[in-house]
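*Asks:* Got a sequence here, can you build the structure:
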Amino acid sequence: MRAPRTPRRRRAVRAVLATLAALVVVAAGLGGLVVWQNTYELREEAVTVRQAGRTLDGVLALPRRGKGPFPLVVFVHGDGPVDATHDTFYRPMWEAFARAGYASLSWNKPGVHGSPGDWLDQSMDDRADEAVDAIAWARKRTDIDGGRIGLWGASQAGWVLPKIAAKDPGIRFAIAVSPAVNWHRQGRYNLLAELRRDGASDAEVATALRRRDTGLALLGRGASYEEYVRAVGDPKGMTAARWRFVSKNHTADATADLPALRGTPVLLVLAGHDVNVDTADTEAAYRRLLPGRALHVAHYPDATHGLVKHAVEDSPLRLTLTALCAPRSLFAAGFLADQRHFLASVATEGAERRPPHPPRHRPSPPSEPDRPRPLAAAGPHLDSPT
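*Replies:* All right, here's what the predicted structure looks like:
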């Protein structure tokens, strides 16, 4: 015979049930928050770009209202196997651009999500040709204003954006986020910055530099991957495919092609906590090669290489929670708004006749081209030549 429940037991059961109900409500609320925060004010269309024998799988993000034709921002990825949305990282920018009346076009790198090819087989010229073909495809669409197409690119794209402009004189603007200029200088800066960040000893720094010099000497004479492994021992993440990619691109230097952007509105975006790219070197090169009012430089002292807030990126838990629950808050203060204002101010009649207003967040005053700027170190890993 079962013993009757006492008042104390009934209260305990009710407390447990109430706690479970509260947890269900909280979970449902958090789920709703995540969905709401990851819903963007734009229209996304999956597209297949077929042009000049090339097939690209991508996304065209359009303003929520209107039929166009809309001006277009073409996204050029940085290093790595990046998909069209960059794991949703691009969507807050697409939304900001849509609010300025712009569409955005992005695509999977070759070999990503089933796209044909392999991005590790590409040179920087190959990447530029790919973008030029995508732009030609976009100009055929009735919802795109073919006379108002520009570029957005980050990091490794610093070697690609100027090549696109050299190949397509119809490019009307460019946003360059943490762009690299010279592969060898960038690689050395990246290596030393990471060693400093990690507290390496002088002996460890000397060893790393000797290893790098060995790798560069091998690249210079076209050595095979097997020769590289024999020379350095542990390849430390350098695969045969990656060695092939580096062999094709280690002489990259944007200075030859940057003059193609003269007179074109360019927003150069630089971060204060960039261990991947020497922002002082980049700014000096851009100011030297793109003189005049069309170049605008915006500094974000608290940002990392990817323009994520340093304090957020420095904490894996905070980074994950922010990406899930408040993705627009990942970025440095003003980054999204400044790009939107830049795009809104780009004059339709051309950069030389009517340059746009500079961004409102921390614009850089005119300076001598080679004046160094102090940098702090932290940020995601980009592309090191060896």
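*Asks:* mind listing the helices in this protein by residue range?
*Replies:* Ranges of helices in the chain, per DSSP state H, are 7-37, 91-99, 124-139, 161-167, 183-197, 202-220, 225-232, 240-249, 279-289, 310-313, 316-325, 335-345.
*Asks:* So which of those helices is nearest Pro69?
*Replies:* Nearest of the helices of the chain to Pro69, taken as Cβ to Cβ: helix 124-139 at 10.1 Å. Glycine gets a C-beta too; all of them are placed from N, C-alpha and C.
*Asks:* Now do the closest one against helix 183-197, angle only.
*Replies:* 100 degrees (axes from the mean of the first three to the mean of the last three Cα atoms, to 10 degrees).
*Asks:* pretty sure Phe335 contacts Tyr300?
*Replies:* Yes. Taking Cβ atoms under 8 Å as the definition, Phe335 is a contact partner of Tyr300 at 6.2 Å.
*Asks:* where does the protein dip in pLDDT?
*Replies:* Applying pLDDT under 70 to the chain picks out residues 1-38, 347-386.
*Asks:* Swap in 80 and give it another go.
*Replies:* 1-39, 347-386 (pLDDT under 80).
*Asks:* For Ala303, see how far away Ala311 is.
*Replies:* 10 Å (Cβ to Cβ, to the nearest Å).
*Asks:* When those two are compared, which one has more neighbours?
*Replies:* Ala303 (28 against 13; other Cβ atoms under 10 Å).
*Asks:* Once you drop chain neighbours, what's closest to the most centrally placed residue in the chain?
*Replies:* Centroid-nearest residue in the chain, with Cα atoms, centre = their mean: Ala154, separated by 3.9 Å. The spatial neighbour of Ala154 that comes closest, neighbours along the chain excluded (Cβ to Cβ, 6 or more residues apart in numbering), is Val177 at 4.1 Å.
*Asks:* ok, the closest residue to Glu45 other than its chain neighbours - contacts?
*Replies:* Nearest non-adjacent residue to Glu45, counting by Cβ to Cβ, 6+ apart: Leu60, 4.6 Å away. Counting by Cβ atoms under 8 Å, 6 or more residues apart in numbering, Leu60 touches 44-45, 47, 103-105.
*Asks:* bridging residues for Leu60?
*Replies:* Using DSSP bridges, the beta-bridge partners of Leu60 come out as Glu45, Leu105.
*Asks:* Going by neighbour count, which residues of stretch 250-264 are buried?
*Replies:* 250, 252-254, 257-258, 260-264 (16 or more other Cβ atoms under 10 Å).
*Asks:* Can you give me the end-to-end span of it?
*Replies:* 27 Å (Cα to Cα, to the nearest Å).
*Asks:* ok now it, how far from the chain's centre?
*Replies:* 19 Å (Cα atoms, centre = their mean, to the nearest Å).
*Asks:* which residues are contacting that stretch?
*Replies:* Residues contacting stretch 250-264 (Cβ under 8 Å, 6+ apart): 124, 158-159, 161-163, 165-166, 169, 171-174, 179-184, 216, 219, 285-286, 289-292, 294, 351-352, 385.
*Asks:* Quick check: ChimeraX command selecting the buried ones in these.
*Replies:* One line in ChimeraX is enough to select the buried members of the contacts of stretch 250-264, burial here meaning 16+ other Cβ under 10 Å:
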select :124,158,159,161,162,163,165,166,171,172,173,174,179,180,181,182,183,184,219,285,286,289,290,294,351,385
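*Asks:* follow-up on the earlier one: which ones are touching the residue nearest to the centre of the chain?
*Replies:* Going by Cβ under 8 Å, 6+ apart, the list of residues near Ala154 reads 76-78, 176-179, 306.
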